[in-house]
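Q: Provide a 3D model corresponding to the input given below.
(chains A, B and C)
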Amino acid sequence: MWNRIDKFFGISQPKKETTEHINIAKEKIVISEDLETNLNNLQANLSDSVDFNSKDILLGGNQNYKATVTYIVSIVNQQYLQQEILKPLMLNIKFTSPEDTKKNIKQLVQQLPLPIGQTSFIGSLNEAIGEILEGKVVLFINHFDQAFVLDIKELASRSVETPQIESATRGPQEAFTENLELNISLIRKRIRDNNLMIEVHKVVARTKTDLGVCYINDLADQEILKQLNNRINNLDLDGVVDTGYLDQYFQDNWKTPFPIFQNTERPDKAIHNLLEGKILLVLDGTPFVSIIPTTFIQFFQTPEDYYDIFYVGSAIRILRLIATFITVSLPSLYISLVSFHHELLPTDLALTIATTRQEVPFPSYLEAVIMEVSLELLRESGIRLPGAIGQTIGIVGGLVLGEAAVNAGLVSPPMVIVVAITAISSFVIPDYEAAIPLRLLRFPLMILASFFSVYGIMVGWLFILIHLCSLESFNQPYFAPFAPIKVTDLKDSIIRVPLRLMGQRPHSTANQQKDRQTRKGESKDEE
Amino acid sequence: MKNKKSDREMIANRQLVFIIIQITVGTGILSLPRQISLVSRQDSWIAVLLGGSYWVFSLFFIYKLGSQFPQQTIIEYSEIILGSILGKILSLTYVLYSITITALSVRIFIMVITTYILPKTPVSINLSIIIITCLYLISKGLKTMARLDEFLFFVLAPAYLVMIPTILKSNWWHFKPILGTGIKEIFDGSLITTYSFLGPEIILLIFPYIKEKKNIFKSSLISLGIITLTYLYVIIITIGYFGVETLQYILWPTINLLKAIKIPFFGRLEFFLIFLWIAIAFTSIAAFYYMASYSVAQFFSLKNKLLSAFILLPIIYYLFFIPKNIIEVFEYTEIVAQFGTILIFVIPPLLLLITKLRGLGHESQANNS
Amino acid sequence: MRAKLIILNLMLLLLISGCWDVNEIKKTQFAKYITVDPLPEQPDNYLFSIQFPILREGSPEKINTLATTAPSLKSGISNFQTRTMGWISLGMLRTIIFNQQIARQGLLPHLDTLWREPIVPGSITMAICTNKQAVDIKDIQPAPVEDIGVYLDELFDTTSKNSLYPEKSLNDFFISLKTSGRKATIPLLKYGTRDIRIVGLALFRKDKMVGKIKIPETRALLLLQEKFIKDPIDLKIEDYHVNYYVQQVRTKIDVDYTKEHFNFNIDSKLEVDVTENTSEKRLIGNKAALNKMERHLARALKKEMHKLLGQLQTQQSDVIGLGQRAKAKYPQYYHKNYWNQQFSRSSINIEVNVSIRRFGISI
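A: Prediction:
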């Protein structure tokens, strides 16, 4: 682990930069037997921060056993430190032979009845600094060339709440939080499998954020894992605040508008993907967990699809795909029908539209662009405002403005309907991240349609399809199971077949075991 | 170039099936019923079956030739077989052939677009739009093309399904008397189908990229079967609806067919067909363009296929404007079809024969891979 | 990267130069019908009239009718174009009505532009006006709507179904015209003051009208073509009326060639319901009465069919498509150019069988 971090330091920092932090990290400093030297070194690196604290104590009250407890105040449980660490250290250590420190001190400290799960000895000062910054307490003892690490960190975090973004009508209502360990516990408590692997990497030079890589050892594809490790090691960033940073750096094709990884705040969704042989990236400090590798169709699936009966799940999925199509191409279709090919409209409808458009001063493509832009404005303003005001914006924008625009003869009522349907459809797409590019794609399509009518729309769609087909997520085809076609996977794409027919994991992305359940489980099902 | 291609670049045999289907079914499908029924009359459906069956032999020879040189394309091994000068000439003919057929397909495509969708838009702009889309696909490479073809095959199936309502209005007397036209006419008609069947020769170029080389013949036969069935379907429906005599007065019978159907609410199915046909034709044009640019890249040993596609651009633009009108376009397609017949039906068996006589090639490698 | 930028700039340049095909719906006038009339004093010119709805709200009139003289349909439309605001679009054209005289002279010159234009739908209904000038349609004031285009559309679509031969569209005419062994038909109209009536069918040889048949014969034609189903037939038997509802028709036409002319054996089987019977007789348990009703209908239909075929043979217009059958079975005896004469000489036997399936719930 330490080597890896070292490697990061080596890679991540620019050559010209020569701050002390990096110097320390570069030249590995061994903990010396002299307590003062150690403290000086530490102070050189950490003294600037206000919340760094070092307290000199005497072990067992003995003058010969000087020691210093170092920690960062803000991320350590202070009460625990005082009662369960300082008190035993200062009072409870019994020295049998006062002179023979070097031999016995390690044993003594180890034998000390401290109610702490994670303790260890480390030999290098660099490591010590790392541990302190992580929220651990490091004990330096005079005449002893190792430091004792006690993990009593307490980071500010919120408790487990219901999902905010991906709310669901059915299924577990827990959501991930910003705390890595809590998140891992949410995963761990759902999978009691000894093959569930959780690796924690410290990524990035400056923030040293914990990145948990979570997978099931005998399901996840080793090739993808290897690649992922490679990319994690090559990560060159100042700081990682959200998994979004990682997504953008792990992509094969960074020019794509589509999200290459799915982020979720729902543990049940994460588990579902783990069981399909995928890998989770759990980043400390963000409630969103990345799923690797992702296919495009995943953005149109929600956990409820699996909880409801398959008719409902399938119907809703088909509805979502229709909504996607509408979101991307309804305004452009409207333009091409109203400005180019009126004869495609049924006669009565064409006459109705023509009647409503008599007074409208704009050509239809301009009208459509204006309306769609104002829709995006409305949506964006609604998001940033606090709840109650956000709703007001919706009412003002949607009802009052639309009504007024129609009455003033600036836009035609059919256009308002088209825009409204487009807006509603775009909200049907369950994944917010995936909905944004799809929503934006309708603008180029509208421009194409205003020049080339249906020909432009088709060419636009071909561009989108070519792009989707060319995308890969960790060398796994992004647009699977449609292209390349995986017939067995189609049962969980546009529709969802009954769970008992989904005996196999998806073939679209590589994984080790094809069969989902054992035979025994299946026969049990039959009864 | 003898080293094996890495597994990541390979395309599956299933994808080969769809590539062949999409490259072949394209611009020809709109006018085929008229052209074939001019000669074979009510027995055109037999002629198209016959026309498809010729390809079994040519596909067999293409496959055999390819498996002699499993890691090379025809541009590369023609020099090995025929020596550098003759080989270069042969490669050049293939290059020329693929460029010409690209230009002609684009020409037919643009004619339909300008007729039905954009009569006032300048032709060169319509042309540029489709060419840019082709360039984008070429820049993404064979793998993306394979995936796109695979996906579009299923998406575009409705284009054929919308023709079904005409079956109800078909007059089956149009097909009688069966075999009444004479064997010679049926045979002649089967030769007319050639233009519509051009495309499977892409195997000669992408052979090294196909995963299971042993099954290439099988895959290409499957696609040939699907192509023939598609044409058969279109021909039966159009003749059943229009009759042979009426067909001769209609430029694109497959589109006009839908002009007749009046379904409630949505009256104009022919535009729906054209809308989907844009994609059908695009996959064909893009694949031919890919073929042309890939063979040019190999011929001049260019690394970048996109670069060679750009080099070809002015040539395609030039060839595009050569035919004066639609009659000349159809004349040119016939010439290209004859040219293609030689390249596809005569050259591969000849090359194979020379390979065997000179003891070149390595059959064993093909079996191992 | 630079290459891409150049392409992008070129594309933008192309786009900036204009939207060529934009044709705003509000600036478009949708022609609903066209009429064609001869001009007695100018044999080279024709009188065309066109109608389209006025969509602007608050305008005093709902429809706009224009008439012009021009040598051809397309030039007529060009004339209209100079007189209207907005583009005239033929994309919504529903009906084209010809004067009888025009039909007798030949329709081909007037239909050419309609076939050539991709925008014109193939399902336009063609009709011939018998009693007045076709242009007089503008004077008719149908009760339910102001727009005669809508009225015509509805008329052909829903009402008077059993008097209307289904193959009445431009496309059908085109196919019948170009296919040998088949002749075209067009419905005949009669203008009233407040309505339009369908009175029969015009028979064609090539593109020229050669005769007409009345509604009963049209019905017989429909029965022969198996196109008359799910419709009522009214019949007077002795002193009472019976209304039959046809559920199914099966017509078999056999061809054979003897003594240098064709013989057609037509065998028609009908399945009907009785929907009205004004006699006092009880039908339940009365097999004889049912048989009688079956017999009468069969006889009446047979008579109608004979009359139809007689007319067809005298006019030498094979609208049933018997020629196609003859050609299919005896291609060696079928002559494309002499089929009209061959048809008029051939003998035709008709057999009609009627079976009553249901006759209601009481009486």
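Q: When you work out contacts or count neighbours from here on, use the C-alpha atoms and nothing else.
A: Will do.
Q: got any ranges where chain A has weak pLDDT?
A: A:1-27, A:47-48, A:95-103, A:517-527 (pLDDT under 70).
Q: Please parse it into its domains.
A: Taking automatic domain parsing as the criterion, chain A consists of the domains A:2-150, A:180-294, A:306-476.
Q: Including mean neighbour count, could those go into TSV?
A: Listed next are the domains of chain A as TSV, based on neighbours: other Cα atoms under 10 Å in any protein chain shown:
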stretch	mean neighbour count
domain A:2-150	16
domain A:180-294	19
domain A:306-476	19
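Q: Out of those, the one nearest C:Val246 is which?
A: domain A:306-476 (32.3 Å; Cα to Cα).
Q: And C:Ile63, how close does it get to C:Ile124?
A: 20 Å (Cα to Cα, to the nearest Å).
Q: Which of the domains of chain A sits closest to chain B?
A: Across those, chain B has its closest neighbour in domain A:306-476 (5.0 Å, Cα to the nearest Cα).
Q: touching chain C at all, that closest one?
A: Yes. For domain A:306-476, a contact with chain C is found by Cα under 8 Å from any Cα of the partner chain, at A:338-340, A:342-343, A:347, A:350-351, A:353-355, A:357-358, A:363-364, A:450-452.
Q: which stretches of chain B aren't confidently modelled?
A: In chain B, residues with pLDDT under 70: B:1-7, B:267, B:362-369.
Q: how about the residues of it that lie near chain A?
A: B:15, B:113, B:117-118, B:129-130, B:133, B:136-137, B:140, B:143-148, B:150-151, B:265-268, B:271, B:275-276, B:278-279.
Q: again, but for chain C
A: Checking chain C against chain A by Cα under 8 Å from any Cα, the hits are C:15, C:18-26, C:55-57, C:91-92, C:119.
Q: Pick out the most distant pair among those residues.
A: Spanning the widest gap among the residues of chain C next to chain A are C:Leu15 and C:Glu57, at 34.7 Å by Cα to Cα.
Q: Those two - which one has more neighbours?
A: The neighbour count for C:Leu15 versus C:Glu57, taken as other Cα atoms under 10 Å in any protein chain shown, is higher for C:Leu15 (16 against 12).
Q: can I assume C:Leu297 is in contact with C:Leu235?
A: Yes. In this structure, C:Leu297 is within contact of C:Leu235 by Cα atoms under 8 Å, at 7.2 Å.
Q: in the chain, which spans are strands?
A: No chain in the question, so chain A it is. Assigned by DSSP state E, the strands in chain A fall at A:52-58, A:66-72, A:119-122, A:137-141, A:147-150, A:196-203, A:209-216, A:262-264, A:279-283, A:289-292, A:472-473, A:476-477.
Q: right idea, wrong chain: chain C
A: C:28-30, C:33-38, C:46-53, C:63-70, C:87-89, C:95-99, C:125-129, C:185-191, C:196-205, C:208-214, C:231-237, C:240-258, C:261-277, C:347-358.
Q: For the fourth one, name the packing helices and strands.
A: I take that to be strand C:63-70. strand C:46-53, helix C:73-83 (3 or more Cα pairs under 8 Å, 6 or more residues apart in numbering or on different chains; DSSP states H and E).
Q: and the residues of domain A:306-476 next to chain C near chain B, which?
A: Restricting the residues of domain A:306-476 next to chain C to those touching chain B (Cα under 8 Å from any Cα) yields A:343, A:452.
Q: If you count surrounding residues, which of C:Leu297 and C:Leu235 has more?
A: Comparing C:Leu297 with C:Leu235 by other Cα under 10 Å, the one with more neighbours is C:Leu297, at 26 against 17.
Q: how about that one, what does it touch?
A: C:235, C:354 (Cα atoms under 8 Å, 6 or more residues apart in numbering or on different chains).
Q: repeat for A:Ala510
A: A:220-221, A:277, A:476.
Q: Now the phi/psi pair for it, please.
A: Per-residue torsions, A:Ala510: phi -70, psi 140 (degrees, to the nearest 10).
Q: Which residues of chain B lie near chain C?
A: Proximity of chain B to chain C (Cα under 8 Å from any Cα) is limited to residues B:115-116, B:118-122, B:125, B:173-174, B:176-177, B:180, B:242-246, B:259-262, B:268.
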